[in-house]
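Colleague: Sequence and predicted model, in that order:
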Amino acid sequence: MSENLITLQSKIADFCRARDWDQFHGAKDLGIGLVTEASELLEIFRFQSDQQVAELFNGPRRSDIEDEMADVLFFLLRMAQRYDVDLPAALKSKMKKNEEKYPVEKAKGSNKKYNQFDPS
């Protein structure tokens, strides 16, 4: 990765400030944007087999996938920037919680949700 999150957030803030977009970028609208862009990413893969999806990453649609992934990242970074969320710290905290919910001895090789594990 060539740029850190702080640098990317600063570039996004400058981009949005130059366009006077703060007025449109409240938490609700940024959340809607995040979900919308994630849906557009998912739409590319709809009705595709695993093999077809793999081929999409190696063909002309790769740039479409990258664009949608960048849009998702834009909205996530913008929300973090606007509301002073330290994403690396938040991820570290969440991973600690996930380690507790999904201990290796119960979760390894399983797609069960933590509340579906055998309580023993």
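Modeller: Perfect, I can see it now.
Colleague: correct me, but Phe45 touches Glu55?
Modeller: No: assessed by C-beta atoms under 8 Å, Phe45 is found out of contact with Glu55, at 11.3 Å. Backbone N, C-alpha and C define where each C-beta goes, glycine included.
Colleague: most residues in a single helix of this protein, which one?
Modeller: helix 62-82 (DSSP state H).
Colleague: elements contacting that helix?
Modeller: helix 5-18, helix 27-45, helix 87-101 (3 or more C-beta pairs under 8 Å, 6 or more residues apart in numbering; DSSP states H and E).
Colleague: in stretch 43-59, what's buried?
Modeller: Across stretch 43-59, burial judged by 16 or more other C-beta atoms under 10 Å covers Leu56.
Colleague: Endpoint to endpoint, that stretch covers what distance?
Modeller: 16 Å (C-alpha to C-alpha, to the nearest Å).
Colleague: taking the mean pLDDT, what do you get for it?
Modeller: Over the span of stretch 43-59, the pLDDT mean works out to 97.
Colleague: what does it contact?
Modeller: With contact meaning C-beta atoms under 8 Å, 6 or more residues apart in numbering, stretch 43-59 is reached by Arg61, Arg62, Asp64, Ile65, Glu68.
Colleague: What count of nearby residues applies to the third one?
Modeller: By the measure other C-beta atoms under 10 Å, the count of residues near Asp64 is 15.
Colleague: May I have the residues that are in contact with it?
Modeller: Per C-beta under 8 Å, 6+ apart, neighbours of Asp64: Ile44.
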